[in-house]
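Novice: Return atomic coordinates for the entry below.
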Amino acid sequence: MDYDHFRYYARGWLLHFFGRTEGAYAAFVEAYRRNPRDVQAARHLASIAAQKQRWAVAEDWFEKVLALAPEDASSWFNLGYVRERAGKATEALEAFCAAVRLAPNLDRAWYGMGLAHARLGQHDEAASAFAEAVRLQPMNGEAYYQWGMALHHARRPDEVREVVEKLVAFEPKRAKRLVQDTGRADLMPLIPELPF
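Specialist: Numbering: from 1, shown residues only. Purely as a prediction, here's the structure:
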């Protein structure tokens, strides 16, 4: 065992645990420098960079993670997330697709795929991805909302109505926002009187 590598990794872990992210980042960089096969150090570095919204740095670290652990669906999702946040929809979509190939039940990756497709103007594909996210996580009101918006942009009005009918059953406030944002005044009778 490389004692120096372990010492830097442990220091990084403790600093990260206590919220001292800059010190943790520096310690994990040193741990990774001493052992470039340390996937956990790379994961921590990617996570810290993402928390700091340093999207390009986080992307680089997640790519290093995936070079070491290419079958890690969660890291593919995280790579997609940071790429999507950086406005790189095409590259984000590639990462989300890899995540769902490895873990077809990863609802957040389907949701990310929907966002990336929507950003690219691929509204039918976005609707399909959001529909799968909803199937996997049936109480995800935001996924329902995005699904309805994708259907609206894809010019599938009857399906927008179906989404509103489902969403109003458990999140009437969000259903109302969907109706308003799609300009579908004809669907307003589906929305119950809300006290707020």
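Novice: hey, let's count contacts and neighbours off CA atoms from now on
Specialist: OK.
Novice: what's the pLDDT at the closest residue to Val57 other than its chain neighbours?
Specialist: Distance criterion CA to CA, 6 or more residues apart in numbering; nearest residue to Val57, sequence neighbours excluded, is Ala49 at 6.1 Å. For Ala49, the model assigns a pLDDT of 97.
Novice: what's the answer for Phe196, then?
Specialist: pLDDT, read off for Phe196, is 56.
Novice: Please identify the buried residues of stretch 42-60?
Specialist: 42-50, 54-60 (16 or more other CA atoms under 10 Å).
Novice: again, but for stretch 27-43
Specialist: 27-32, 34, 38-39, 41-43.
Novice: Averaged pLDDT, that stretch. What do you get?
Specialist: pLDDT averaged over stretch 27-43 gives 94.
Novice: export that stretch as PDB, just CAs?
Specialist: What follows is stretch 27-43, C-alpha atoms only, in PDB (Å, rounded to 0.1, in the frame of the first residue of the first chain):
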ATOM      1  CA  ALA A  27      -5.800  16.700  -1.100                       C
ATOM      2  CA  PHE A  28      -7.700  14.500  -3.600                       C
ATOM      3  CA  VAL A  29      -5.700  16.000  -6.500                       C
ATOM      4  CA  GLU A  30      -2.500  14.900  -4.700                       C
ATOM      5  CA  ALA A  31      -4.000  11.500  -4.000                       C
ATOM      6  CA  TYR A  32      -4.900  11.100  -7.600                       C
ATOM      7  CA  ARG A  33      -1.500  12.300  -8.700                       C
ATOM      8  CA  ARG A  34       0.100   9.700  -6.600                       C
ATOM      9  CA  ASN A  35      -2.200   7.000  -7.900                       C
ATOM     10  CA  PRO A  36      -3.900   7.800 -11.300                       C
ATOM     11  CA  ARG A  37      -5.900   4.500 -10.900                       C
ATOM     12  CA  ASP A  38      -7.700   5.800  -7.900                       C
ATOM     13  CA  VAL A  39     -11.300   6.100  -9.200                       C
ATOM     14  CA  GLN A  40     -12.700   7.200  -5.800                       C
ATOM     15  CA  ALA A  41     -10.400  10.200  -5.700                       C
ATOM     16  CA  ALA A  42     -11.400  11.100  -9.200                       C
ATOM     17  CA  ARG A  43     -15.100  10.800  -8.200                       C
END
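Novice: Distance from the chain centre to that stretch, please.
Specialist: Chain-centre distance of stretch 27-43: 24 Å, with CA atoms, centre = their mean, to the nearest Å.
Novice: what's the answer for stretch 93-100, then?
Specialist: 11 Å.
Novice: Pull it out as CSV, backbone CA atoms only.
Specialist: Output in CSV follows, covering the C-alpha atoms of stretch 93-100 (Å, rounded to 0.1, in the frame of the first residue of the first chain):
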residue,chain,number,x,y,z
LEU,A,93,-27.3,13.2,-24.6
GLU,A,94,-24.5,10.8,-25.4
ALA,A,95,-23.7,10.4,-21.8
PHE,A,96,-27.3,9.9,-20.7
CYS,A,97,-27.8,7.3,-23.4
ALA,A,98,-24.7,5.4,-22.1
ALA,A,99,-26.2,5.6,-18.6
VAL,A,100,-29.6,4.0,-19.7
